[in-house]
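Asker: Predicted coordinates and the sequence they were generated for:
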Amino acid sequence: MGGKYTYQFLNLVSNPRQAALGGKVITNYDNDVLQPIFNPASINNDMSHQLALSYVNYLGDVGYGSAAYAYKYDRYVNTIHGAITYVNYGNFEGRDEYGNVTGDFSGSETSLSFGWAYQIPWSDFHVGINTKFIYSTFESYNSVGGAFDLGLMYIDDKLDFNAAIVVRNIGAQFTTYAGQQEPLPLQVDVGLSQLLEHVPIRWHLTFEDLQYWNVSFSNPVNSEESLDGTVTEEKDNIFKEVFRHTVVGAELFPDGNFNIRLGYNFRRAAEMKIEEYRTFSGFSGGFALKINKTKISYTFARYTNASHSSLLGLQFDLE
């Protein structure tokens, strides 16, 4: 789906916890103040006065990060959440159609969001909404847009079971780069998670990008050619398609001062694998350490033999 939508950075995960659990988790409901960026229904009073900062050393010279803060206004309004996400694509050498140097240029994008959640009375369901202001600039071209996210979460405290559905990036460009209107990267995700009864492990299962079912592609390496020269392309069955939408993860000691996180992203593994080589693409892992009122998180995510991503996060309890 690359190249079909604008503001693709909105789907980059800057939360080290989410990245360690495979790249997408929408069911966490605690004081992780970066979580509402991907599911506004997770906003709750435990996030009040929590400040989080994160930075991602992404592919090439690309770097991006987020900052988030939540504040409990009162018992009627509950908690208000604010976040900013920024991506810097680095510097580029500009040239004209004849190859002459025209000067260096850069590109960056920013999203500013405000969110709020509400528990439906006499139920275990929580609803939330994010509103986002988006600004993007590349060389002399820039664009402004707006979007909102809708989230619904079910929380069963007796079973320690959470379920959620999120529709993200519903919006439009207000001003375009060069007069052509482009769609935003709409995304629909469903998630499940549960804390095991006798083991300090919480498992996570997420189905992402459900708005577009066919995300697989034919790998030319796996094509078959008959004696008469007819080429038969590789075809994925329904089970492979399901796995392309699947992300799994687990946290050891999720409520402790130290926890370990592991995840696997099936789609990333399928798209980044190299035939006849073991690249471990799709795997991710990390940890979190809480010292007094500061939590430090680190994640390492594997893409291919030539690339990986490191994420660092800090969360401060300012109450």
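Answerer: Happy to help now that I have it.
Asker: so Pro36 sits in a helix?
Answerer: Yes: with DSSP: H, G, I helix; E, B strand; the rest coil as the criterion, Pro36 is part of a helix.
Asker: residues contacting it?
Answerer: By CB atoms under 8 Å, 6 or more residues apart in numbering, Pro36 lies in contact with 42-43, 47, 68, 70, 81, 83, 115, 117, 128, 130. Any C-beta I mention is one placed from the backbone N, CA and C, and that applies to glycine too.
Asker: Next: Gly82.
Answerer: Contact partners of Gly82, counting by CB under 8 Å, 6+ apart, are 68-70, 112-115.
Asker: give me that answer again for 7 Å
Answerer: Residues in contact with Gly82 (CB atoms under 7 Å, 6 or more residues apart in numbering) are 68-69, 113-114.
Asker: Trp213 now?
Answerer: Glu241.
Asker: what do you get if the cut-off is 8 Å, keeping everything else the same?
Answerer: With the criterion set at CB under 8 Å, 6+ apart, Trp213 makes contact with 241, 245.
Asker: Also Phe283?
Answerer: 262-264, 269, 301-302.
Asker: so of the contacts of Pro36, which ones are in strands?
Answerer: Counting by DSSP state E, those place 68, 70, 81, 83, 115, 117, 128, 130 in strands.
Asker: how much space between Asn100 and Gly107?
Answerer: 21 Å (CB to CB, to the nearest Å).
Asker: who's more crowded, the two?
Answerer: With neighbours defined as other CB atoms under 10 Å, Asn100 and Gly107 compare such that Gly107 has more, 17 against 8.
Asker: which one of the ones in strands among the contacts of Pro36 sits closest to Gln315?
Answerer: Among those, Ala68 lies closest to Gln315 (CB to CB), at 8.9 Å.
Asker: What about the closest one, how many residues nearby?
Answerer: Ala68: 26 neighbours (other CB under 10 Å).
Asker: Contact partners for the closest residue to it other than its chain neighbours?
Answerer: Nearest residue to Ala68 in three dimensions, chain neighbours excluded: Ala83, at 3.9 Å (CB to CB, 6 or more residues apart in numbering). Taking CB under 8 Å, 6+ apart as the criterion, Ala83 is in contact with 34, 36-37, 66-69, 112-113, 115.
Asker: In ChimeraX, how would I select just the buried ones from the residues you listed?
Answerer: This is the ChimeraX syntax for the buried subset of the contacts of Ala83, where burial follows 16 or more other CB atoms under 10 Å:
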select :34,36,37,66,67,68,69,113,115
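Asker: export the contacts of Ala83 to a markdown table and tack on distance to Ser136?
Answerer: Below are the contacts of Ala83 laid out as a markdown table (distance: CB to CB, whole Å):
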| residue | distance to Ser136 |
| --- | --- |
| Leu34 | 22 |
| Pro36 | 22 |
| Ile37 | 17 |
| Ser66 | 16 |
| Ala67 | 18 |
| Ala68 | 20 |
| Tyr69 | 23 |
| Leu112 | 12 |
| Ser113 | 15 |
| Gly115 | 21 |
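Asker: Brilliant, that's me finished.
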